[in-house]
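1. Task: produce atomic coordinates for the following.
(one chain, ligands or ions: 1)
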Amino acid sequence: MSTILFEIKNSISIITLNRPEKLNAFNREMSLLLQEKLDECKKKEIRAVYITGSGKAFSAGQDLAEVVDAEGQGMEKIIVEHYNPVVTKIRKLEKPVVAAINGVAAGAGANIALCCDIVVAAASASFIQAFSKIGLIPDSGGTHTLPRLIGWQKASALMLLGNKITSEEAEKMGMIYKVFSDETFKEESFKIAETVSNLPTKALAYTKQLLNISFVNTFEEQLQDEDVFQQKAAHTQDYKEGIQAFLEKRKPHFTGE
Ligand code: LHQ
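-> Down below sits the predicted model:
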C-alpha cells in the first residue's frame, strides 16, 4: 500500500497520508511522495485539494525511528528535503488546500496542517507542538505560522510546553477554522473542498498570494499589491460570469478561467 493515497474526485485532489500503524508519521518516502502529489495538483483541472489522514491520526510528525536509523536520512537533510518543500509547495500552490484533521496532528504533522488554507478538524482530533518534548524546535514553518494565527503569547506557550490541545480549543484560539462532530466530520469537511472547488479559482489563488505577502509587506505595499491582483482578477472569465450572474439574478457557474 502506498504511503500517500491520491484520488481525483470531480476537480478535487484527495491526498491521504497513509501509514496508519505509525499514526501517519512521515518517513522519507511519504514526504517525497507528498511533494510529488502536490506538484500534480498544479494541473489545470484540479481546483481544490483536500488533505487528510487514514486511520485514527492525521499525522504524528516525523517518524522518529527513521531519524535514529543509521541507514536513514541524516538530520541535515530532513528539514531541507522533506518538510520545507512540502509547506512551500502548499503555500505556493495556486489552489485552495483544505486540511481535514481527523485525529492527532503532532510536530511537523501539526505545522503542515496549519499552513493549509482552511483547516477543519473532528471533535476528537488534537494538536501538539511536540518538538520541545524531544529537544527540538518547531519546524515546517510553525514558528512563522502559529504566532500569526493565534498571537505570540499562546504560540509561545504551546511551543515551549508542548501541551496537547483539543480541536475545540484550537478553534477557540483561531488556530483552525471549524470543528465538526466525529459523525459529520468527513462529510462536512469534504463539503468545504467541494465549495471552494466551484469558486473562481484564479481569484482564490490571488487572495492566497496576497495573504502570503501580507506577512512581509507594509500596509502601503499591500494596498499596491491588492490593486495589481484586483486588475488580474478583473481580467478573468469568472469575474465576467460573477457580475453577469449577479445582474441576471442567477447562480454563477465558475469554471476557473
Ligand atoms: C510513532 C510516532 C512517530 C514513529 C507515534 N514516529 N512512530 C524534524 C526534523 C528532524 C527530526 C525530527 O523531526 C522533525 C519534525 C517533527 O515532527 S519532530 C516531532 C515528532 N513527533 C513527535 O514527537 C510525536 C511522537 N508521538 C507522540 O507523542 C504520540 O504518539 C502521539 C501524542 C502523537 C499519539 O499518542 P497515542 O495516541 O497515545 O499513540 P501512541 O503513542 O501509542 O502511538 C501509536 C503507535 O505509533 C506507537 O507504535 P506501537 O508500535 O507502540 O503501537 C508509536 O510508537 C507510533 N508512533 N508517533 N512520530
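
2. just checking, next helix/strand downstream of the lowest-mean-pLDDT helix or strand in the chain?
-> The weakest-scoring helix or strand in the chain, judged by mean pLDDT, DSSP states H and E, is helix 75-77 (a mean of 81). Counting by DSSP states H and E, the next helix or strand C-terminal to helix 75-77 is helix 84-92.

3. export the helix or strand following that following helix as CSV, just CAs?
-> Next along the chain after helix 84-92, taking DSSP H and E as the criterion, comes strand 97-101. This file holds the C-alpha atoms of strand 97-101, laid out as CSV (Å, rounded to 0.1, in the frame of the first residue of the first chain):
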residue,chain,number,x,y,z
VAL,A,97,-5.9,23.5,0.2
VAL,A,98,-8.3,22.2,2.8
ALA,A,99,-6.7,20.2,5.7
ALA,A,100,-9.2,17.8,7.3
ILE,A,101,-7.7,16.9,10.6
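
4. and strand 97-101, what other elements does it pack with?
-> Strand 97-101 sits against strand 48-53, helix 108-114, strand 118-122, helix 185-197, with contacts defined as 3 or more C-beta pairs under 8 Å, 6 or more residues apart in numbering; DSSP states H and E. (C-beta placed from N, C-alpha, C; glycine too.)

5. mind checking how far that strand is from the chain centre?
-> 6 Å (C-alpha atoms, centre = their mean, to the nearest Å).

6. Residue 222: which element?
-> Counting by DSSP H and E, residue 222 is found in helix 219-234.

7. And the average pLDDT for that helix is what?
-> The pLDDT scores in helix 219-234 average 98.

8. How far off centre is that helix?
-> For helix 219-234, the distance to the chain centre is 24 Å (C-alpha atoms, centre = their mean).

9. Need the winner for burial among the helices and strands packed on strand 97-101.
-> Highest mean neighbour count among the helices and strands packed on strand 97-101 (mean count of other C-beta atoms under 10 Å): helix 108-114, with a mean of 28.

10. close to the ligand, is that helix?
-> Yes - Helix 108-114 lies within reach of the ligand by C-beta under 6 Å from any ligand atom, at residue 108.

11. how far away is residue 51 from residue 119?
-> 10 Å (C-beta to C-beta, to the nearest Å).

12. joint contacts of the two?
-> 98-99, 113 (C-beta atoms under 8 Å, 6 or more residues apart in numbering).

13. Can you tell me which residues in this structure are near the ligand?
-> Near the ligand, when you scan the chain using C-beta under 6 Å from any ligand atom, you find 22-23, 25, 60-65, 67, 75, 78-79, 104, 106-108, 128, 130-131, 134, 136, 139.

14. got the contact list for the closest residue to the ligand within the stretch 101-250 of the chain?
-> Closest contact between the stretch 101-250 of the chain and the ligand, by C-beta to the nearest ligand atom, is at residue 107 (2.6 Å). With contacts defined as C-beta under 8 Å, 6+ apart, residue 107 is in contact with 60-62, 128-131, 138.
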